[in-house]
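Undergrad: sequence-free structure coming up:
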């Protein structure tokens, strides 16, 4: 156990250092005393004895040193001492320290915030057991698009798949009113098939999931609720027996509560059994989402291939199947895949910003280092090797970096808070994101790396060459290589800033291009209201349409309102879209899919969708009359090229509950672009709302109204609806807001990128300012001479400024090349903006040029305000 | 007498210190005195080597240190042998005996060959 007590001795020495020192001193004193006594006993006089004893003992200090050396903790003690020295040095230069720490906080903070986003959103698994085994299954059309599955297809897949050990369908969650024992409330409801909870792999917190014989046609109405709903809306009752929820007019018995965090297929309050009463009888109704769990040993590719075969078999037996196959994707991928590129891009941008910060601090250290040469020379003279000096300088950098990391954590936290509040829809799974252990570790690692990045170059430069010689000859800091390094750093900073600025410019221009797009309909002044009529109250369609008629009339009568209308969906993202192929009169089914819209005439008028031929819907087009449709130009051209579409007939192939019903075209309207698609690329046909009431009742609808002030109108809509019936939940907004909301993730990316670019610009400017100021201060003598022999102050100032500008220009040129590379990388994130877009680049460059010019002009000018006589006297 | 006092190599110093401490625990000054005395005044320990050596042996766990009162009621740091130190002493003794035996043989042979 010798080595153990040896290590304990080391630890003891480190911890009780003061006492160890005192012990050493006392021990030596004792020794000298005893020796003195011995000599006195031998006859030597006292004074001489003491002197002799000391001489015999030898050098006390050296002995102490050697003893300390033997303790084995020299290395650690040195480091501790260096750290304390570093802290003292930093405290002595408060301005520099504060600016440097702040710069580093910004750089490290940005990187930390972005990493925590990436880690929380992209890397962190879903909170279900073996969540990487859960997949989402879609149907695939022949043009490669993915669609919701149809229930009947899903049922056939279920029986035919072996690589999936569980397959479940669900309806997209809808918000509706329902009645609980404590009263009426709104909740998000989804219907899920039998295996749903098994696929999720999570056991209920309370109660149970539906038994196999319950989730089948004609089974009992039961329900499971989320933890949040259970505690907030129901009051967290421990005993679930006897609790029933009135949903869609039926009482569902509460049988279980899911634990918090179970968010399949999204943030849902209530799960109802789907297989009980399936409302779809046609294969072409693509309305359910499907998730599955891979069997052990299977992977998504195998499952995909197998389901493709099964689907192919179904296709062979049924002519109704118009999709060609399936697409199987891991669930996490499905949820966050779209955010992958933007988030990684932002992480890269933050890394660039960090580099700018490092370059900044490095160039400042270098510039400031000139004044430290003297001190370093003294230390070198006292025996410190170059390695030791470099280690000390690096340690200083490490202290700065850790202070910066501390500030970064605060900044990063604030940045995440702000993000969450501003744009909750932009990033999926934002709730997962937080500054947890992983992120902290990352931050520390970044801090260490950063300190090396900005510290190594100055440390090497400052300790190079014969320090004593440099100090003596007075050339400290004026060393050519040091100045060159300084200019190199400025160029680097500017290059990085240019790249960031150009990227930001491109993204912002893309954003504005998207938002300004003409989708073929009017957005100005349009307010929207999304609502859902509770089934118990509006069990028959007459009551429902009655209510809607009254609502439309009253809103239309409000002062300033120009038009009102209603529709199943809006042409913005987030509004579900329904589509199918259609049957033609000669029995042929089309290859193309057409979008299916349920609207009234007011819809066209409110959104100013012009009528090209024929007529819009009229009150006479009621359920008893022949069913009619209005098609858009693209569909007319696709199905009946060269002739008028009026009077032609087609069958929506089971999109609605009348499979034998044929629609007659009565009008043609201009194309409208559904979000993300150009007008004309998504041909659509419209059916009259009163002839398709089922859709409105099941899925909810949108009211649209147009007036001079959209937001005021939105408020008025809500009031009117509430006044008519307080039980109808309505969510109002303006169409412009909805469109902007559709671009939420683009906006997020563009703004954050822009923020980083701006910060880089500020940092670069501050860095240049600092370097030029130092340069000017150092060259006071030279400037004094110039002024004394007759140079004009402006000439001297220009000379100093020119140096900085030259470096900046070189950096800008490098940056421009880099920005072209960046633009190519951005690729698909850009919209209607090419990589070489001049406006974006020029804008960024102009901004940078202005900042750089100012940052070098001010200190240079300040430097020339020097009295030549005083400058010459100064040394 | 002081002229013939020889310098001690580090390894030998360790051996002698361990030997002295095997007799009884002792403070630093006492160790030096004892070695000097037991060697018949041949070896005078250099303090500059003694204390660092004591520290080194502490670090290696061969000896322990403890503050005690001397007979004159003064505070001094006493060193004592540990069990590890005892084993080390045995090793060092054996090593020394073997080395010095070998040196002796060489010298005898050389002399005999003359």
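TA: Nice, I can see it. All of these numbers come straight from a predicted model, not from anything done at the bench. Numbers count the residues shown, from 1 in each chain, chains lettered A, B, ... in the order given.
Undergrad: Buried residues, the helix or strand harbouring residue A:807. List them.
TA: Residue A:807 belongs to helix A:793-826 when assigned by DSSP states H and E. Neighbour counts over helix A:793-826 (16 or more other C-beta atoms under 10 Å in any protein chain shown) mark A:796-801, A:803-805, A:807-808, A:810-812, A:814-816, A:818-819, A:822-823, A:826 as buried. (Each C-beta comes from the backbone N, C-alpha and C, glycine too.)
Undergrad: helices or strands up against it?
TA: helix A:480-516, helix A:744-778, helix A:780-788, helix A:838-864 (3 or more C-beta pairs under 8 Å, 6 or more residues apart in numbering or on different chains; DSSP states H and E).
Undergrad: Tell me what angle that helix forms with helix A:744-778.
TA: 150 degrees (axes from the mean of the first three to the mean of the last three C-alpha atoms, to 10 degrees).
Undergrad: could you give the angle of helix A:793-826 to helix A:780-788?
TA: Using the same axes, to 10 degrees: helix A:793-826 against helix A:780-788 is 130 degrees.
Undergrad: got the end-to-end distance for stretch A:292-300?
TA: 10 Å (C-alpha to C-alpha, to the nearest Å).
Undergrad: For it, give me every contacting residue.
TA: Residues from elsewhere that reach stretch A:292-300, judged by C-beta atoms under 8 Å, 6 or more residues apart in numbering or on different chains: A:130, A:133-135, A:137, A:161-168, A:198-199, A:201, A:303, A:328-330.
Undergrad: Kindly reformat the helices and strands packed on helix A:793-826 as CSV containing mean neighbour count, distance to residue B:62 and mean pLDDT.
TA: Formatted as CSV, the helices and strands packed on helix A:793-826 follow (neighbours: other C-beta atoms under 10 Å in any protein chain shown; distance: least, C-beta to C-beta, whole Å; pLDDT from 0 to 100):
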stretch, mean neighbour count, distance to residue B:62, mean pLDDT
helix A:480-516, 22, 53, 84
helix A:744-778, 22, 57, 84
helix A:780-788, 18, 64, 74
helix A:838-864, 19, 65, 79
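Undergrad: Which one of these lies nearest to residue A:671?
TA: Taking C-beta to C-beta, helix A:480-516 is the member of the helices and strands packed on helix A:793-826 nearest to residue A:671, at 18.1 Å.
Undergrad: quick one on the thing from earlier: columns distance to chain B on top of the helices and strands packed on helix A:793-826, output as JSON lines?
TA: Formatted as JSON lines, the helices and strands packed on helix A:793-826 follow (distance: least, C-beta to the nearest C-beta, whole Å):
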{"stretch": "helix A:480-516", "distance to chain B": "43"}
{"stretch": "helix A:744-778", "distance to chain B": "47"}
{"stretch": "helix A:780-788", "distance to chain B": "51"}
{"stretch": "helix A:838-864", "distance to chain B": "55"}
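Undergrad: returning to what we had before: the contacts of stretch A:292-300 in strands, which ones?
TA: Assigned to strands by DSSP state E, the following of the contacts of stretch A:292-300 qualify: A:134-135, A:137, A:164-168, A:328-330.
Undergrad: Of all pairs in the residues you listed, which one is the farthest apart?
TA: A:165 and A:329 (17.5 Å).
Undergrad: just the helices in chain B please.
TA: Per DSSP state H, chain B carries helices over the ranges B:10-23, B:28-38, B:47-59, B:83-113.
Undergrad: what's the most buried one of those?
TA: Of all these, helix B:47-59 has the most neighbours on average by mean count of other C-beta atoms under 10 Å in any protein chain shown, namely a mean of 21.
Undergrad: Now do the residue nearest the centre of chain B against chain A, distance only.
TA: Nearest to the geometric centre of chain B sits residue B:16, at 1.8 Å (C-alpha atoms, centre = their mean). Distance, residue B:16 to chain A, by C-beta to the nearest C-beta, to the nearest Å: 17 Å.
Undergrad: Residue B:44 is in contact with that residue, correct?
TA: No - Residue B:16 lies out of contact with residue B:44 (C-beta atoms under 8 Å); the separation is 11.9 Å.
Undergrad: just to revisit the earlier point, of all the helices of chain B, which one is nearest residue A:378?
TA: Residue A:378 lies closest to helix B:47-59 among the helices of chain B, at 28.7 Å (C-beta to C-beta).
Undergrad: wait, does that closest one contact chain A?
TA: Yes - counting by C-beta under 8 Å from any C-beta of the partner chain, contacts between helix B:47-59 and chain A involve B:47-48, B:51-53, B:55-56, B:58-59.
Undergrad: Direction-wise, compare the helix or strand hosting residue A:332 with helix A:480-516 and give the angle.
TA: In this structure, residue A:332 is located in helix A:331-369 according to DSSP H and E. Angle, helix A:331-369 to helix A:480-516, by the same axes, to 10 degrees: 150 degrees.
Undergrad: and the closest residue in space to residue A:328 that isn't next to it in sequence, what pLDDT?
TA: Spatially, and ignoring its direct neighbours in sequence, residue A:328 is nearest to residue A:304 (4.1 Å; C-beta to C-beta, 6 or more residues apart in numbering or on different chains). Here, the pLDDT recorded for residue A:304 equals 90.
Undergrad: what does residue A:190 give?
TA: As summarised for this prediction, residue A:190 has a pLDDT of 90.
Undergrad: is it true that it touches residue A:263?
TA: No - here residue A:190 lies out of contact with residue A:263, judged by C-beta under 8 Å, at a distance of 11.1 Å.
Undergrad: hang on, isn't residue A:249 packed against residue A:533?
TA: No - counting by C-beta under 8 Å, residue A:249 does not reach residue A:533; the two are 11.4 Å apart.
Undergrad: When the two are compared, which one has more neighbours?
TA: residue A:533 (24 against 13; other C-beta atoms under 10 Å in any protein chain shown).
Undergrad: What is the neighbour count of whichever residue of chain B sits closest to chain A?
TA: Nearest residue of chain B to chain A: residue B:61, at 3.1 Å (C-beta to the nearest C-beta). Close neighbours of residue B:61, defined as other C-beta under 10 Å, add up to 21.
Undergrad: Could you do residue A:303 as well?
TA: Counted with other C-beta under 10 Å, residue A:303 comes out at 23.
Undergrad: Show the contacting residues for it.
TA: Applying C-beta under 8 Å, 6+ apart, the residues near residue A:303 are A:135, A:161, A:163-164, A:292, A:294, A:328.
Undergrad: at 7 Å instead, please
TA: A:135, A:163-164, A:294, A:328 (C-beta atoms under 7 Å, 6 or more residues apart in numbering or on different chains).
Undergrad: One more: residue A:494?
TA: Counting by C-beta under 7 Å, 6+ apart, residue A:494 makes contact with A:764, A:808, A:811-812, A:815, A:848, A:852.
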